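Undergrad: here's a sequence, model it:
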Amino acid sequence: MVVSVIAWELHLEGCSSLKQKRAILRSLKDRLRGRHNVSVAETDHQDTWQRAELCAAIVSSDRRHAEQVLSRIDALVASDARVRIIDSTTYYY
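TA: Numbering: from 1, shown residues only. Alright, predicted model coming up:
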């Protein structure tokens, strides 16, 4: 069994309120969950308007499958014009 986690440090340019930030992150989290069946949570910077840390996790019996899923969800986050990835880190357990 492999538990894989990816964490993104995000910049949300143009956000002028926490409400706007939450709407963007909710939309992104819903797309990640719906398309790729991963667990997603905002894990840091909850009270900062233009900054967020988002983490996604998957449990799989095969490391290759987990790597493929993480690669696809990383591409999905990178393609979202509302956010910019500052940094990302991947963990395998």
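
Undergrad: C-alpha from now on. contacts and neighbour counts both.
TA: Will do.

Undergrad: burial measure for Val38, as a count.
TA: Val38 has 20 neighbours, counted by other Cα atoms under 10 Å.

Undergrad: now the helices for the chain?
TA: 18-36, 63-79 (DSSP state H).

Undergrad: give the buried residues for the longest one.
TA: Neighbour-count burial for helix 18-36, counted by 16 or more other Cα atoms under 10 Å, picks out Lys21, Arg22, Ile24, Leu25, Leu28, Lys29, Arg31, Leu32.

Undergrad: mind putting these into TSV with distance to Ala81 and pLDDT?
TA: Formatted as TSV, the buried residues of helix 18-36 follow (distance: Cα to Cα, whole Å; pLDDT from 0 to 100):
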residue	distance to Ala81	pLDDT
Lys21	14	96
Arg22	16	95
Ile24	11	96
Leu25	12	96
Leu28	11	96
Lys29	15	97
Arg31	14	96
Leu32	15	96
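
Undergrad: just these now: which is nearest Glu9?
TA: Set against Glu9, the nearest of those by Cα to Cα is Leu25 (12.4 Å).

Undergrad: in contact with the closest one, which residues?
TA: Residues near Leu25 by Cα atoms under 8 Å, 6 or more residues apart in numbering: Glu42.

Undergrad: and it, how far is that from Thr90?
TA: 20 Å (Cα to Cα, to the nearest Å).

Undergrad: need the contact list for the residue nearest the centre of the chain.
TA: By Cα atoms, centre = their mean, the chain has its centre lying nearest to Leu54, at 4.4 Å. Counting by Cα under 8 Å, 6+ apart, Leu54 touches Ala7, Trp8, Glu9, Leu10, Val40, Ala41, Glu42, Thr43, Asp44.
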